[in-house]
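> have a look at this fold, sequence not included:
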């Protein structure tokens, strides 16, 4: 398999190379560090989750990739590994989950060489022993090719990440920033220093080589660069041209950990709710009324409850808020497909 180390890492090119490889019918492993920050929406993400005005002001491009997963902030301090292959491709398993387990050995080994014990948290996160996310991955089929993508986090800008997320109420930003800081980490945060991107690339080459059946250095061809630049334009344009509604009521922090954030209209006034859900269990609820009045005590009965509308003690919470249980369900989890519930959301 060819190994590609592109010199041009400007704009959206770092995430466009693997799309271009697949479109050209080529196989390869691409390793690259972006030169600037940009936002990558997952295929099912709504563009409304991004503060597009802020991104325009800051010169941060926004694009939609052809792989799944949640919205991510990408940029300097991250080394992308993007693998494109036809299947079958021994020794890589054909099944998606088996392929994840097999290929995730590479980033786990790289973190190990940096003194960080990490593991795969199925299906697509790399986490530390303490369960903090230190790498995300994704996969997709493009033009008949299996594309496996991920990044090594040398460093991560938590402050910028929380700024680019668009929420209906600024009070919800506090919970989001806290969740990001508590559950996402990086090599710099774990070890106190930041290795060079070239060093990480060398570790990735050594780790991936036996997993993919060998690697051979190859130049980035003019044809590949042209195709990648075309892909860049398409990915950026897709965000602004796409009017298809994509409902994603939960904000993913890491695999198995989500925030459900909403502003609920109640008779006394709007209340900002931020609910942390880990492995389908509500682990914490924060509710703010007015400017800064914490009314989370109303929601204490939720903690430890399973994340499902029919098992949460929603009736008590709804009574405290002065709205119907159906309205609260619709506010937090979206209206049922067939129920036609009118959400009581102030957003």
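Ah, there it is. These numbers were taken from a predicted model, which means no experiment stands behind them.
> in which helix or strand would I find residue 79?
Using DSSP states H and E, residue 79 maps to strand 78-85.
> contacts for that strand?
Under the criterion C-beta atoms under 8 Å, 6 or more residues apart in numbering, residues 1, 14-15, 17-18, 21-22, 26-34, 74, 92, 103, 106-107, 142, 145-154, 156, 197, 200-201, 204, 208, 212 lie in contact with strand 78-85. In short, each C-beta sits where N, CA and C put it, glycine included.
> may I have the beta-bridge partners of the nearest residue to residue 219 once chain neighbours are set aside?
Nearest non-adjacent residue to residue 219, counting by C-beta to C-beta, 6 or more residues apart in numbering: residue 4, 7.9 Å away. Note on residue 4: beta-bridge partners residue 30, judged by DSSP bridges.
> show me what contacts residue 4?
Taking C-beta under 8 Å, 6+ apart, one finds 17, 21, 28-31, 218-220, 224 in contact with residue 4.
> show me how far stretch 74-91 is from its chain's centre.
Mean-position distance between stretch 74-91 and its chain equals 16 Å (C-alpha atoms, centre = their mean, to the nearest Å).
> pull out the buried residues from it.
The neighbour-count check on stretch 74-91 (16 or more other C-beta atoms under 10 Å) flags 74-75, 77-85, 89 as buried.
> repeat that for stretch 145-159.
For stretch 145-159, by 16+ other C-beta under 10 Å, it's 145-154, 156-158.
> which of those fall within helices?
residue 158 (DSSP state H).
> tabulate the contacts of residue 4 (TSV), appending neighbour count, pLDDT and distance to residue 293.
Below are the contacts of residue 4 laid out as TSV (neighbours: other C-beta atoms under 10 Å; pLDDT from 0 to 100; distance: C-beta to C-beta, whole Å):
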residue	neighbour count	pLDDT	distance to residue 293
17	27	95	50
21	28	96	54
28	23	97	56
29	26	97	53
30	25	98	51
31	24	98	50
218	15	97	61
219	11	95	62
220	19	96	57
224	22	97	57
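> ok, so of these, who is nearest residue 283?
Nearest to residue 283 among those: residue 31, at 36.6 Å, using C-beta to C-beta.
> returning to that earlier point: okay, now the sheet partners of the strand holding residue 79, with direction.
Strand pairing for strand 78-85, using DSSP bridges, gives strand 28-32 (antiparallel), strand 145-153 (antiparallel).
> distance between the longest one and the chain's centre?
Counting by C-alpha atoms, centre = their mean, strand 145-153 is centred 13 Å from the centre of its parent chain.
> please apply the same query to stretch 228-235.
On C-alpha atoms, centre = their mean, the centre of stretch 228-235 falls 21 Å from that of its chain.
> for it, buried residues please.
Under the neighbour-count criterion of 16+ other C-beta under 10 Å, stretch 228-235 has 228-229, 231-232, 234-235 buried.
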